[in-house]
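Participant: What would the 3D arrangement of this be:
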Amino acid sequence: MRDRVIGIIGGMGPQATADLFREIIRLTPARRDQDHIRVLIYSNSKIPDRTKAILGTGKDPLPALIDTARTLERAGAGILAIPCNAAHHFLPRLQARIKTPILNMIRETCVEICLRSPGITSVGLLAATGTVRSRVYHEEFARAGLEVLVPEGRDQERVHTAIWQVKAGSLGSSAQRTFESIGGKLSRRGAGAVILGCTEIPLAFAPDDVGYLTINSTRALAQAAVDWATGRRR
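Facilitator: Numbers count the residues shown, from 1 in each chain. Down below sits the predicted model:
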């Protein structure tokens, strides 16, 4: 553990980055400061919008992602974590340009669902429009035999708008009602679990207040990072 340093490619957005760090701290078995994991955070808030790039209306974020990853490599990170689901659309090209392994948050979320609810056949996805359109969840979960259900009609637009409200600092009841009500619709359509598939969503979501199973993608990523740093996985 002494030589295992987690690097976080952050800033997408800053609050989501801080939330991943909090989850890493919470999941680390520690009784004193020195028991905690060394973590390097580069909160590069200048990385271009991932959804706009995926939809073909914005600048490619890959160069900024590469620069951020290489900065963390030079600083000594042994593994990288990206607390942004939409950024995983660019993960294969990013990994090809750097040496340090990158944890795949989409895959880790799929693993958690399969472990917690091995009998389900479909999951719901609450995520930014770029993540939905990129189909990174659809493709990963299809390999595990799971169907991905997404919001219908204007509901996807409502989810994306609520995510931007959270990014702007509004963690109030409006965004929370949107996430929780549309998650409920996905559950009623047959989703055995609902994925909180944008790292802003857990900041405005109360899983104990809803009557369906939710999977926090940020927490799944944090657990994978902790397992690596503490030697529970290679």
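Participant: Now do the strands in this protein.
Facilitator: Along the chain, the segments classed as strands by DSSP state E run 5-10, 38-43, 79-81, 122-126, 147-149, 194-196, 214-216.
Participant: Pick the most buried one from the ones you listed.
Facilitator: Of all those, strand 194-196 carries the top mean neighbour count, a mean of 28, counting by mean count of other Cβ atoms under 10 Å. C-betas here are computed from N, CA, C, even on glycine.
Participant: That strand packs against which elements?
Facilitator: Contact here means 3 or more Cβ pairs under 8 Å, 6 or more residues apart in numbering; DSSP states H and E; on that basis strand 194-196 packs against strand 122-126, helix 173-188, strand 214-216, helix 217-229.
Participant: 10 Å - rerun?
Facilitator: Contacting strand 194-196 under the criterion 3 or more Cβ pairs under 10 Å, 6 or more residues apart in numbering; DSSP states H and E are the following elements: helix 105-116, strand 122-126, strand 147-149, helix 173-188, strand 214-216, helix 217-229.
Participant: Tell me which residues touch the closest residue to Pro207 other than its chain neighbours, please.
Facilitator: Nearest residue to Pro207, sequence neighbours excluded (Cβ to Cβ, 6 or more residues apart in numbering): Thr214, at 4.6 Å. Thr214 makes contact with 124, 126, 179-180, 183, 187, 193-196, 201-202, 205-208, according to Cβ atoms under 10 Å, 6 or more residues apart in numbering.
Participant: on that earlier part again, just put the strands of the chain in TSV and tack on mean pLDDT.
Facilitator: Shown next, in TSV, are the strands of the chain (pLDDT from 0 to 100):
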stretch	mean pLDDT
strand 5-10	98
strand 38-43	98
strand 79-81	98
strand 122-126	98
strand 147-149	98
strand 194-196	98
strand 214-216	98
